[in-house]
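Novice: Prediction below, plus the sequence it came from.
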Amino acid sequence: MKIPRGQFHLFLGLPDVESAISKTYHSRRFAILLPQILFFVKLPRKNFCHRKPFLPATFLLHAQSKETDIREEKSTMSVENVKKFFSQFGMETRIRELSESSATVELAAAALGTEGARIAKTISFIVDGQAILIVCAGDVKIDNAKYRKLFGCKAKMIPFELVEEYTGHAPGGVCPFAVREGVKTYLDESLRRFKTVFPACGSSNSAIELSIPELERYSACAQWVDVCKGARHTDAGNS
């Protein structure tokens with residue numbers, strides 16, 4: 001099949017088109033356009049004057065803009081759900097919405113002016129087809145051996161594009177509050193070193209400072225677990 005040369009002047013090269021599609025165009029509003037993209041992607045390589053597959057640049061930029069709008073809208077709804085959750089305890093005003101991103105431990109620590117270890121990161125996993133959340137200190141990692149011993153299976157994180165569907169919160173804002181029904185939350189022992197910690201509140205620029213008893217209560221903690229490694233000794237008197 002021969003494609004007129006003039007159709008390539010707005011094309012943008014991507015090293016991995018199908019991967020880009022799966023990450024960028026997972027929204028249903030792009031479902032009608034997706035077959036057109038795949039049609040171009042799957043054309044024989046000899047029809048192209050470059051080595052890499054291509055996507056129309058104008059469509060790519062438009063789709064990314066739309067997808068960003070969708071993520072921001074969902075993020076706003078998510079943090080509002082968390083505010084509503086805390087309002088029943090008169091605590092919604094304690095939620096801090098930041099001007100900077102707090103999507104990673106490093107960014108959250110910088111935005112909140114605290115050490116990374118006190119960022120209570122929430123990691124989502126699949127166990128027997130159900131989502132679980134493990135909240136741990138910002139300076140630790142999951143210990144696969146400990147995880148397998150406790151849950152009886154290999155640690156399997158929820159795929160990025162499915163995190164919100166399973167938990168109710170998008171990546172970067174996952175927290176143990178106002179989650180979907182049936183999601184169990186576990187608190188890791190690495191958190192007990194601190195008087196207070198900072199979990200997210202449903203968006204990539206929000207957090208709340210909670211004492212360990214408060215975190216245990218409002219996360220509806222199923223149980224305390226010891227499934228992490230790498231914690232450095234920190235004075236438990238930190239607040």
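Specialist: It's in. Numbering: from 1, shown residues only.
Novice: What residues does residue 171 make contact with?
Specialist: 103, 160, 163-164 (C-beta atoms under 8 Å, 6 or more residues apart in numbering). For the C-beta atoms, the positions are set from N, CA and C on the backbone; glycine is no exception.
Novice: Same check on residue 97?
Specialist: By C-beta under 8 Å, 6+ apart, the contact set of residue 97 is 79, 203, 205-206.
Novice: Tell me the bridge partners for it.
Specialist: residue 206 (DSSP bridges).
Novice: before we move on, the earlier item: which among the contacts of residue 97 gets closest to residue 121?
Specialist: Checking the contacts of residue 97 against residue 121 with C-beta to C-beta, the nearest one is residue 206 at 13.8 Å.
Novice: was I right about that closest one contacting residue 79?
Specialist: Yes - using C-beta atoms under 8 Å as the test, residue 206 is close enough to residue 79 to be in contact (5.2 Å).
Novice: Please, where are all the helices along this structure?
Specialist: 17-24, 34-41, 57-87, 105-112, 144-151, 163-167, 212-218 (DSSP state H).
Novice: ok, residues contacting the longest strand seen in the chain?
Specialist: Ranked by residue count under DSSP state E, the longest strand found in the chain is strand 119-127. With C-beta under 8 Å, 6+ apart as the contact definition, strand 119-127 has outside contacts at 105, 108-109, 112, 131-138, 142, 151, 153, 155-158, 163, 166-167, 174-176, 191, 197-200, 207, 210, 215.
Novice: From those, list just the buried residues.
Specialist: Buried members of the contacts of strand 119-127, scored by 16 or more other C-beta atoms under 10 Å, are 105, 108-109, 112, 131-138, 142, 151, 155, 158, 163, 166-167, 174-176, 191, 197-200, 207, 210, 215.
Novice: measure the closest residue to residue 189 other than its chain neighbours to residue 182 for me?
Specialist: Nearest non-adjacent residue to residue 189, counting by C-beta to C-beta, 6 or more residues apart in numbering: residue 226, 4.6 Å away. Applying C-beta to C-beta, to the nearest Å, the value for residue 226 to residue 182 is 24 Å.
Novice: Those two: who's more crowded?
Specialist: Shown here are residue 226 and residue 182; by other C-beta atoms under 10 Å, residue 226 has more neighbours (12 against 9).
Novice: Quick check, that one in contact with residue 186.
Specialist: No - look at residue 226 against residue 186 with C-beta under 8 Å: they stay out of range, at 10.1 Å.
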